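Participant: structure, please.
(one chain, ligands or ions: 2)
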Amino acid sequence: MKILSLLCFSLTLPLAAQDLDTRAWFKGNTHTHSLWSDGNDFPEMIFDWYRSRGYDFVGMSDHNILQEGEKWMDLESIRKRQKAVGRDAVSKAEARFGKDWLRRETREGKEGIVLKTLAECRAALEKPGEFYLLPAEEMSNSGGKKPVHINVLNLDRVIEAVKDDEATPRDVLRRSLIAIEEYRQQSGRPILAHLNHPNFQWALTAEDLANVAEGAYFEVYNGHPGINHLGDETRPGDEEIWDIANTIRIAELGYAPLMGFATDDSHTYHGEDVSPGRGWVMVGAEKLEGDALVTAMLAGRFYASTGVTLDAIRHDPAKRSLTLEITPVEGVVFSTAFIGTRKGYDAAAEKTGIGEVFATIEGTTATFTYPEDALYVRATVTSTRKHPNPSYEGQKEQAWIQPVGWQRAPAR
Ligand SMILES: [Zn+2]
Ligand SMILES: [Zn+2]
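Facilitator: Ligands and ions are numbered 1, 2, ... in the order given. Okay, the predicted model is just below:
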């Protein structure tokens, strides 16, 4: 209940204009898997992959585990994870970090390796102000035999997953978020929880996301090719889910809208298909460390990207004016769609007026004055450039800013 009242309160915040210079924001991926759960490479190799490609931070979000304590894995199991042919994970790690780097140990007659902990990875790879390892867990809950996966960022102990196949996914989503909120209060740490891939196994609908007040963040893009990002003939894709859920939240329930993440959800690192580098967030934090990054994201100071970079986001609620400055790329044209829902939309008619494209503007500066009756407005920038490592056919590079203008809407 406490959480609910906070959300309703946020609908009546004063309407300050925002002028965000996003050029120095930190780039990070909050959703990654290693051998600690079902990924197929050593965590230090994965962190190193991101570091060498200019990322500022990475959350290694293994399923229901933090990279601490001791985890031993036999060599054969490590090799079996690797589907692609080529050099194996062990020899690649030894080539990168040296022959004595991996801690080899034989247990019960099997050769194996003790995996590096997050603390050991920090000591080897972290550099203050340049590269940061964000503690993360993919809390892999299950409800009604469906996956209800939530990434928890900046935590210092595992939050136990809720597994109740008698309950609905929506109920498990709510209970998981309450467990995370209880942990947040006990720990006193800034904690952010984002709901992952709602269409994975068609686990959660837009209505589920709308009705769970405690959930305020979700993945509008996840780079795993198996998560039904685009939906199908009868079910909405992740971006449509965003508009449906936000319309219901703002117009009918008086909840703050969902904010969108883009992530990799990478599992494979040897040339297979669930690979890194597809989606990330850009965060306007004061410092490159966990508390500051999460505090900035909780305040909405971030955007999601699969390749498009922004120089500035300006919003003046009094003038209903929203401007995006896009970082120019030679030979590339950007098109910015301003999307929202008007008051008095027809919910009964199929999709009528939900997620209406108010305007599409080409160029590196896109300014739009949104309609007076808009419940909220958001913007998606799409590049003419193809994504270099697409998760679906025909994917173009994009960026998504968080919804604005919703504080003007009266809560019912
Ligand atoms: Zn997942
Ligand atoms: Zn995952």
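Participant: list the residues that contact Arg23.
Facilitator: If you count contacts by CB atoms under 8 Å, 6 or more residues apart in numbering, Arg23 has them with 311-312, 327. C-betas here are computed from N, CA, C, even on glycine.
Participant: ok, it to Ala299 distance?
Facilitator: The span separating Arg23 from Ala299 equals 18 Å under the rule CB to CB, to the nearest Å.
Participant: got the phi and psi for the closest residue to ligand 1 within the stretch 51-200 of the chain?
Facilitator: With CB to the ion, the shortest gap between the stretch 51-200 of the chain and ligand 1 falls at His149, namely 3.4 Å. Its backbone dihedrals place His149 at phi -100, psi 130, with angles given as degrees, to the nearest 10.
Participant: check what pLDDT it gets.
Facilitator: His149 carries a pLDDT score of 98 in this model.
Participant: need the contact list for the residue nearest to it when sequence neighbours are not counted.
Facilitator: Taking CB to CB, 6 or more residues apart in numbering as the measure, His149 lies nearest to Asn196, with 4.2 Å between them; neighbours along the chain are not counted. The contact partners of Asn196, by CB under 8 Å, 6+ apart, come to 31, 138, 149-151, 218-219, 222, 263, 265.
Participant: could you provide those residues in JSON lines, with additional columns for neighbour count and secondary structure?
Facilitator: What follows is those, written out as JSON lines (neighbours: other CB atoms under 10 Å; DSSP: H, G, I helix; E, B strand; the rest coil):
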{"residue": "His31", "neighbour count": "29", "secondary structure": "coil"}
{"residue": "Glu138", "neighbour count": "26", "secondary structure": "strand"}
{"residue": "His149", "neighbour count": "29", "secondary structure": "strand"}
{"residue": "Ile150", "neighbour count": "26", "secondary structure": "strand"}
{"residue": "Asn151", "neighbour count": "24", "secondary structure": "strand"}
{"residue": "Phe218", "neighbour count": "23", "secondary structure": "strand"}
{"residue": "Glu219", "neighbour count": "29", "secondary structure": "strand"}
{"residue": "Asn222", "neighbour count": "27", "secondary structure": "strand"}
{"residue": "Thr263", "neighbour count": "27", "secondary structure": "strand"}
{"residue": "Asp265", "neighbour count": "29", "secondary structure": "coil"}
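Participant: quick check, nearest of these to Lys343?
Facilitator: Using CB to CB, Phe218 is the member of those that lies nearest Lys343, at 23.7 Å.
Participant: my guess is Glu76 meets Lys110, correct?
Facilitator: Yes. Using CB atoms under 8 Å as the test, Glu76 is close enough to Lys110 to be in contact (7.3 Å).
Participant: so these two - more neighbours on which side?
Facilitator: Shown here are Glu76 and Lys110; by other CB atoms under 10 Å, Lys110 has more neighbours (13 against 10).
Participant: which strand residues bridge that one?
Facilitator: Going by DSSP bridges, Lys110 is paired in beta bridges with Arg107.
Participant: what's near enough to touch it?
Facilitator: For Lys110, the contact set (CB under 8 Å, 6+ apart) comprises 74-76.
Participant: mind listing what whichever residue of the stretch 201-350 of the chain sits closest to ligand 1 touches?
Facilitator: Using CB to the ion, the single residue of the stretch 201-350 of the chain nearest to ligand 1 is Asp265, 6.3 Å away. For Asp265, the contacting residues are 31-33, 196-197, 222-224, 227, 274, by CB under 8 Å, 6+ apart.
Participant: will you turn those into TSV that also has secondary structure and distance to Ile241?
Facilitator: Formatted as TSV, the entries for the contacts of Asp265 read as follows, by DSSP: H, G, I helix; E, B strand; the rest coil; distance: CB to CB, whole Å:
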residue	secondary structure	distance to Ile241
His31	coil	17
Thr32	strand	23
His33	coil	23
Asn196	coil	13
His197	coil	11
Asn222	strand	12
Gly223	coil	17
His224	coil	16
Ile227	coil	12
Val274	coil	22
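Participant: pull the most distant pair out of those.
Facilitator: Of all pairs drawn from these, the widest gap by CB to CB lies between Thr32 and Ile227 and measures 14.9 Å.
Participant: between those two, who's got more neighbours?
Facilitator: Looking at Thr32 and Ile227 with other CB under 10 Å, you find the greater number of neighbours at Thr32, namely 27 against 23.
Participant: surely the more buried one is in contact with Ile46?
Facilitator: Yes. Taking contact to mean CB under 8 Å, the distance of 6.1 Å between Thr32 and Ile46 places them in contact.
Participant: what's the overlap in contacts for these two?
Facilitator: Overlap between the contact sets of Thr32 and Ile46, as judged by CB under 8 Å, 6+ apart, is given by 39, 58, 60, 266, 276.
Participant: okay, and which of those residues map to strands?
Facilitator: When strands are assigned by DSSP state E, the members of the shared contacts of Thr32 and Ile46 inside them are 58, 60.
Participant: which residues touch Arg184?
Facilitator: 190-191.
Participant: I meant Phe200, not that one.
Facilitator: Phe200 makes contacts with 147, 149, 222, 224, 226-228, as judged by CB under 8 Å, 6+ apart.
Participant: apply 10 Å and report the result again.
Facilitator: Applying CB atoms under 10 Å, 6 or more residues apart in numbering, one finds that Phe200 lies in contact with 146-149, 219, 222, 224, 226-229, 265.
Participant: which of the residues you listed are close to ligand 2?
Facilitator: Among these, the ones lying close to ligand 2 by the criterion of CB under 5 Å from the ion are Asp265.
Participant: pull out the buried residues from stretch 150-161.
Facilitator: 150-155, 159, 161 (16 or more other CB atoms under 10 Å).
Participant: run a quick neighbour tally on Asp48.
Facilitator: Counted by other CB under 10 Å, the residues lying close to Asp48 total 20.
Participant: mind checking how far it is from Tyr132?
Facilitator: As judged by CB to CB, Asp48 and Tyr132 stand 14 Å apart.
Participant: same thing with Arg320?
Facilitator: As defined by CB to CB, Arg320 lies at a distance of 37 Å from Tyr132.
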